[in-house]
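1. after the sequence you'll find the predicted model.
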Amino acid sequence: MPVSSVSADAMEVLGGHRDGAECAALPMRSKGEIPCGFIVLKAGVNRPAAEIEQECISLIREKIGLVTVSKLAITVTRLPKTRSARSFGAP
């Protein structure tokens with residue numbers, strides 16, 4: 001599975017999280033095709049970030065499989081954008 005495919009699949013899964021407003025997934029270069037997920041929370045979400053991050057990791061494992069063995073999901077306040085206002089890591 002190409003790196004871009006793994007990241008795109010992880011991003012699709014992260015985008016389905018109920019507390020997520022925006023997301024991105026990038027491959028961790030030192031780990032090969034394992035995605036690192038970034039998620040911006042919806043306004044008003046008051047749950048602990050660690051709980052949401054663990055849910056994201058579990059979702060990736062459940063939906064994509066253990067092939068990715070993603071161990072890293074990070075909640076962030078915003079994602080960097082390209083000049084065309086597209087998130088980095090978007091397929």
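-> Ah, there it is. Numbers count the residues shown, from 1 in each chain.
2. and the lengthiest helix in the chain, what does it pack onto?
-> Within the chain, and with DSSP state H defining each element, the longest helix by residue count is helix 49-63. Counting contacts by 3 or more Cβ pairs under 8 Å, 6 or more residues apart in numbering; DSSP states H and E, helix 49-63 is packed against helix 3-15, strand 35-41, strand 73-76. For every residue, glycine as well, the C-beta is placed using N, CA and C.
3. residues of stretch 40-51 that come out buried?
-> 40, 41 (16 or more other Cβ atoms under 10 Å).
4. ok, the residue nearest to residue 78 when sequence neighbours are not counted - contacts?
-> With Cβ to Cβ, 6 or more residues apart in numbering as the measure, residue 40 is the residue that lies nearest to residue 78, at 6.0 Å, once sequence neighbours are left out. With contacts defined as Cβ atoms under 8 Å, 6 or more residues apart in numbering, the neighbours of residue 40 are 20, 21, 22, 23, 75, 76, 77, 78, 79.
5. please apply the same query to residue 21.
-> Per Cβ under 8 Å, 6+ apart, neighbours of residue 21: 40, 41, 42, 43.
6. and it, that's in a strand?
-> Yes - the secondary structure assignment for residue 21 places it in a strand, going by DSSP: H, G, I helix; E, B strand; the rest coil.
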